[in-house]
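**Student:** Sequence and predicted structure below; questions after.
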Amino acid sequence: MALREMAYNGLQHGDVALAEQYFTRLLEMVPNDMEALQFVASRHLVRGDATRAVAMLLVADQVRPNDADTLHQLGTAQMAVGDLHGTVVNLRHAVELAPHMFMARLRLGMALEHLGEIHDALVAYFGAVNAAQAQGRWLGDSSTAPGIRDAVKHAIRFIDVERPRLFHQVLEPLRQRYGRSELLRVEDCLAIYLGEKAVSLPDPRQKPKFLYFPGVPSQTYYASERFPWHRELEAATEMIREELRAVLAENQALQPFLGINSPTELGGYLRASGNQTAAWDAYFFYRHGVRYDEQCASCPRTSGLLDALPLARIRDHAPETLYSVLRPGTHILPHRGVTNTRLVTHLPLIVPPDCAIRVGGEIHEWQEGRCVSFDDTFEHEAWNNSTETRVVLILDSWNPDLSEAERAAVTELVGAIGDFNRSSEVATPQG
């Protein structure tokens with residue numbers, strides 16, 4: 001249509017007023033034209049006539065419901081006229097449709113803060129900053145548009161005050177129960193996580209991806225004597241292996257441990273040493289704290305034993321228990337775990353020759369029926385250079401150098417961090 005082309009021509013020559021004139025004439029002919037509605041509304045908003053902008057954008061929202069850009073623009077205009085409740089409704093909808101829209105999240109946080117909804121404002125601001133920084137924005141003044149620098153800095157200050165307050169509230173009942181002195185290392189742990197305190201790792205080989213707990217010894221492998229339940233687990237090796245063999249014989253569904261199948265993606269995690277494709281499969285009983293009922297029912301004695309062990313149990317995080325199936329010629333490349341509050345234990349079930357694990361540069365060769373526990377925040381890797389499949393039972397356990405009070409605090413704290421990050425649509429590293 002000629003009017004639209006003339007509007008475009010005005011924009012190409014930097015004549016915004018001319019473009020508005022032609023889009024306005026277009027609306028006289030086609031009142032429901034989305035592009036014209038959005039453009040003319042934006043010009044009304046720039047001139048401070050937010051009421052007319054809202055009216056036009058409400059029409060646009062009827063013409064094309066569930067359009068994230070329209071909802072963002074409408075929410076912005078409603079904020080300008082003081083309709084904060086309408087702002088919240090439409091900006092929330094925009095963010096649901098387009099989670100990457102960090103400006104919508106920022107404005108949502110502003111509206112919620114003005115309404116006194118502090119927790120929801122914190123969630124919106126935190127999501128905004130993380131979404132922006134994931135796209136290379138808001139990393140400093142140079143990557144932040146001048147017009148919103150003050151708003152972004154306010155959001156970051158708000159986060160720096162309210163997020164620690166949220167997590168300290170989670171810990172307060174435990175301070176009352178155990179006493180503040182029992183949670184001093186937990187306080188340091190939280191301060192490190194929040195960036196309020198510099199981390200001082202006693203061993204440079206150790207680098208947790210998520211949560212570092214200070215004041216506990218840094219070591220790669222832990223003596224089996226630290227875990228009295230190892231003896232019970234080792235005594236059940238044959239029973240566990242029997243149920244494993246049934247799983248393998250019946251070709252029950254295994255899944256890629258890493259959750260990916262693309263050879264390109266897998267190349268960063270696995271390597272094949274022979275002609276066969278590298279594969280690391282799993283038969284989960286629990287993953288990230290979620291029970292796999294069908295698998296547990298298929299291996300009732302193994303799952304029953306695991307349920308009775310004193311494993312780390314944190315909502316939506318732990319335990320992780322599984323048969324870990326490493327195919328012939330597969331090398332799991334060096335990687336690190338998330339936190340030293342828990343350790344990883346292997347009970348080797350089927351171990352052909354030339355299979356081993358290296359933790360912090362120290363090699364351990366699995367022996368069937370003999371548990372090994374290690375801190376996976378040290379860089380570690382494993383390989384199966386044989387022509388047969390290797391299987392170990394993997395489970396999470398608490399670091400034995402944490403007290404009862406510290407375990408309770410970590411359980412509550414990690415659960416709260418996970419809840420907050422999910423509500424902000426920010427990923428929490430998993431093991």
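**Tutor:** Good, I have the coordinates.

**Student:** buried ones in stretch 325-344?
**Tutor:** Neighbour-count burial for stretch 325-344 flags 325-332, 336-344 (criterion: 16 or more other CB atoms under 10 Å). For glycine as for every other residue, the C-beta is placed from the backbone atoms N, C-alpha and C.

**Student:** any idea how far it is from the chain center?
**Tutor:** Distance of stretch 325-344 from its chain centroid, counting by CA atoms, centre = their mean, to the nearest Å, is 19 Å.

**Student:** next one: stretch 165-177
**Tutor:** So, by CA atoms, centre = their mean, the centroid of stretch 165-177 is 23 Å from its chain's centroid.

**Student:** Regarding residue 383, which helix or strand does it belong to?
**Tutor:** strand 380-384 (DSSP states H and E).

**Student:** Who are the packing partners of that strand?
**Tutor:** strand 330-335, strand 355-359 (3 or more CB pairs under 8 Å, 6 or more residues apart in numbering; DSSP states H and E).

**Student:** in the next helix or strand after the last one, what counts as buried?
**Tutor:** Scanning the chain past strand 355-359 towards its C-terminal end, the next helix or strand to appear is strand 362-364 (assignment: DSSP H and E). Taking 16+ other CB under 10 Å as the neighbour-count basis, strand 362-364 is seen to contain the buried residues residue 364.

**Student:** so how far is stretch 295-307 from its chain's centroid?
**Tutor:** Distance of stretch 295-307 from the chain centroid (CA atoms, centre = their mean) equals 28 Å.

**Student:** And for stretch 59-74?
**Tutor:** Worked out by CA atoms, centre = their mean, stretch 59-74 lies 30 Å from the chain centre.

**Student:** lowest-pLDDT helix or strand in this structure?
**Tutor:** helix 263-266 (a mean of 70; mean pLDDT, DSSP states H and E).

**Student:** And stretch 171-187, how far out from the chain middle?
**Tutor:** Mean-position distance between stretch 171-187 and its chain equals 26 Å (CA atoms, centre = their mean).

**Student:** Over to stretch 244-260?
**Tutor:** Counting by CA atoms, centre = their mean, stretch 244-260 comes out at 26 Å from the chain centroid.

**Student:** go on, stretch 9-22?
**Tutor:** Worked out by CA atoms, centre = their mean, stretch 9-22 lies 45 Å from the chain centre.

**Student:** Ok, stretch 19-26 next?
**Tutor:** 46 Å.

**Student:** Which positions in that stretch come out as buried?
**Tutor:** For stretch 19-26, burial by neighbour count (16+ other CB under 10 Å) applies to 19-23, 26.

**Student:** Can you add pLDDT, secondary structure and distance to residue 124 and give the residues you listed back as JSON lines?
**Tutor:** Formatted as JSON lines, these follow (pLDDT from 0 to 100; DSSP: H, G, I helix; E, B strand; the rest coil; distance: CB to CB, whole Å):
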{"residue": "19", "pLDDT": "88", "secondary structure": "helix", "distance to residue 124": "33"}
{"residue": "20", "pLDDT": "87", "secondary structure": "helix", "distance to residue 124": "32"}
{"residue": "21", "pLDDT": "91", "secondary structure": "helix", "distance to residue 124": "37"}
{"residue": "22", "pLDDT": "86", "secondary structure": "helix", "distance to residue 124": "37"}
{"residue": "23", "pLDDT": "89", "secondary structure": "helix", "distance to residue 124": "32"}
{"residue": "26", "pLDDT": "89", "secondary structure": "helix", "distance to residue 124": "35"}
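
**Student:** which parts of the longest helix anywhere in the chain are buried?
**Tutor:** Secondary structure of the chain read by DSSP state H shows that its longest helix is helix 149-178. Buried residues in helix 149-178, counted by 16+ other CB under 10 Å: 151-152, 154-155, 158-159, 162-164, 166-167, 170-171, 174-175, 178.

**Student:** Who are the packing partners of that helix?
**Tutor:** helix 102-114, helix 118-134, helix 184-193, helix 404-423.

**Student:** sec struct for the closest residue to residue 189 other than its chain neighbours, please.
**Tutor:** Spatial nearest neighbour of residue 189, excluding adjacent residues (CB to CB, 6 or more residues apart in numbering): residue 213 at 4.8 Å. Assigned state for residue 213: coil (three-state reduction, DSSP: H, G, I helix; E, B strand; the rest coil).

**Student:** closest to residue 316 among the buried residues of helix 149-178?
**Tutor:** Closest approach to residue 316 among the buried residues of helix 149-178 (CB to CB): residue 170, at 14.8 Å.

**Student:** residues contacting that closest one?
**Tutor:** Contact partners of residue 170, counting by CB atoms under 8 Å, 6 or more residues apart in numbering, are 412-413, 416.

**Student:** what's the nearest residue to residue 151 if we skip its chain neighbours?
**Tutor:** residue 106 (6.3 Å).

**Student:** Tell me if I'm right that that neighbour and residue 127 touch.
**Tutor:** No. The criterion here is CB atoms under 8 Å, and residue 106 misses it with residue 127 at 9.2 Å.

**Student:** Could you list which residues are in contact with residue 78?
**Tutor:** By CB under 8 Å, 6+ apart, residue 78 lies in contact with 50, 54, 84, 86-87, 90.

**Student:** Can you say which of the helices and strands packed on helix 149-178 is packed in most?
**Tutor:** When the helices and strands packed on helix 149-178 are scored by mean count of other CB atoms under 10 Å, the highest mean neighbour count falls to helix 102-114 (a mean of 24).

**Student:** residue contacts, residue 83?
**Tutor:** Contacts of residue 83 by CB under 8 Å, 6+ apart are residue 54.

**Student:** let's see 10 Å
**Tutor:** By CB atoms under 10 Å, 6 or more residues apart in numbering, the contact set of residue 83 is 50, 54, 74-75, 77, 89-90, 111.

**Student:** And residue 118, by the same measure?
**Tutor:** When contacts are counted by CB under 10 Å, 6+ apart, residue 118 touches 112, 158, 161-162, 165-166.
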